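Pasting a predicted model and its sequence here:
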Amino acid sequence: MQDFAGKTVLITGGGGAIGSATARIFHERGANLALVDLNGAALEAVRSDLGSDRVTTFAGDVSDPDIIEHAIAGTVSRFGSLDVVFSNAGISGEVHSFETFPLDEWDHIVRINLRSMFITVKAAAREMVRAGKGGAIVTMSSSMGGWDVLAGGAGYGATKYAVTGLTKTAAFDLAKYGIRVNAVCPGVTETTLGVPGMREGADQAQSAVQQFAKRIPLKRIGQVDDVGEVVAFLASDAARHVNGAAWLIDGGQTLQSFANGPESGEY
């Protein structure tokens, strides 16, 4: 188990399912936490659940550079350093067939999924360069960022491809400062973003989860801790020689293809 005692970790989207699960993992391993999210009530719920003075929160839109700069400055002021950043905030956006995809929805998804990622990684890198101690940055991409396709998901797919490219470029540029940058790329994960049926009640949620699980070679759907554990690994010294990676976390979901799909119709 990685030890993050004395380290400070900033997580955007810290009030969401994956963000809060990752926060708990880091907190259990001794880290100081700074959580950023548009939903202030969700942030307070996470802070209350963790029940610790090693947690600070910042409510605001992560696509606004002033919000991120304020959060980083406040984090360093509170805890004295910024060692790890998990740039996790993002949305799935609306689903539309490509030929009818609305421009305003495209712009909204790009702002949240890509603009905010650039702003966060850039601001974090500047602070880490200033401090001169290196650091680790993990971005949130997706299995849709190079391995899979979502029907009607032009905005989501394009931004997740772009996040993977941004991650690799940042990893190359920042390596000289001892800053590693890697992406996590979850497949279907049991959240309301990953499984829309979960928004429709317990019966629909269970049915949707089972349907997805049948299509994954390991016959289980991804859990938020599956993602959080990989983030913690990539942020740790155990991953000291991992840089510019796009880490797929999908139970073999993207190994499934028309050629090897089950004849039962589960494909």
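Sure thing, it's come through. Numbering: from 1, shown residues only.

What is the strand or helix carrying residue 157 packed up against?
Residue 157 belongs to helix 154-174 when assigned by DSSP states H and E. Under the contact criterion of 3 or more C-beta pairs under 8 Å, 6 or more residues apart in numbering; DSSP states H and E, helix 154-174 touches helix 103-110, helix 116-131, strand 135-140, strand 179-186, strand 246-249. (Each C-beta comes from the backbone N, C-alpha and C, glycine too.)

ok, and what's touching it?
By C-beta atoms under 8 Å, 6 or more residues apart in numbering, the list of residues contacting helix 154-174 from outside reads 90-94, 96, 98, 101, 105-106, 108-110, 113-114, 117-118, 121, 125, 128-129, 137, 139-142, 144-146, 149-150, 180-183, 185, 243-244, 246.

and if we set it to 6 Å?
Applying C-beta atoms under 6 Å, 6 or more residues apart in numbering, the contact partners of helix 154-174 are 92-93, 98, 101, 106, 109-110, 113-114, 117, 121, 125, 139, 141-142, 144-146, 150, 181, 183, 243-244, 246.

Tell me how far it lies from the chain's centre.
Put simply, helix 154-174 sits 12 Å off its chain's centre (C-alpha atoms, centre = their mean, to the nearest Å).

try stretch 22-41
13 Å.

For it, buried residues please.
For stretch 22-41, burial by neighbour count (16 or more other C-beta atoms under 10 Å) applies to 22-27, 29, 31-38.

where exactly do the helices run in this structure?
17-28, 40-50, 65-79, 103-110, 116-131, 154-174, 202-214, 224-235 (DSSP state H).

which helices and strands does the fifth one pack with?
Pointing back at helix 116-131 there. The contact analysis (3 or more C-beta pairs under 6 Å, 6 or more residues apart in numbering; DSSP states H and E) places helix 116-131 against helix 65-79, strand 84-87, strand 135-140, helix 154-174.

Next, the angle helix 103-110 makes with the longest one.
Which is helix 154-174. 30 degrees (axes from the mean of the first three to the mean of the last three C-alpha atoms, to 10 degrees).

The first one now?
Following the same axes, to 10 degrees, one obtains 20 degrees for the angle between helix 65-79 and helix 103-110.

If you count neighbours, what's buried in helix 65-79?
Those would be 67, 68, 71, 72, 74, 75, 76, 79, for helix 65-79 by 16+ other C-beta under 10 Å.

quick one: average pLDDT of it?
Per-residue pLDDT over helix 65-79 has a mean of 98.

For that helix, which outside residues touch it?
Contacts of helix 65-79 (C-beta under 6 Å, 6+ apart): 8, 10, 32, 34, 36, 56, 58, 60-61, 82, 119-120, 123, 127.

Next: the second one.
Under the contact criterion C-beta under 6 Å, 6+ apart, strand 84-87 has outside partners 9-12, 22, 117, 120-121, 124, 136-139, 231, 235.

Of these, select the buried ones using a PyMOL command.
Of those, the buried ones go into a single PyMOL selection, burial set by 16+ other C-beta under 10 Å:
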select buried, resi 9+10+11+12+22+117+120+121+124+136+137+138+139+231+235
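
Report the residue spans of the protein with pLDDT below the cut-off.
1, 193-204, 258-267 (pLDDT under 70).

Spatially nearest residue to residue 224, not counting backbone neighbours?
With sequence-adjacent residues excluded and distances taken as C-beta to C-beta, 6 or more residues apart in numbering, residue 224 is closest to residue 21, at 3.8 Å.

before we move on, what about residue 95?
Spatial nearest neighbour of residue 95, excluding adjacent residues (C-beta to C-beta, 6+ apart): residue 152 at 3.7 Å.

Can you check which of the helices and strands packed on helix 116-131 gets nearest to residue 223?
Judged by C-beta to C-beta, the one of the helices and strands packed on helix 116-131 that comes nearest to residue 223 is strand 135-140, at 15.7 Å.

and stretch 2-19, how far apart are its ends?
18 Å (C-alpha to C-alpha, to the nearest Å).

Buried ones in it, by neighbour count?
Neighbour-count burial for stretch 2-19 [16+ other C-beta under 10 Å]: 2, 4, 7-19.

next one: stretch 237-249
239, 243, 244, 245, 246, 247, 248, 249.
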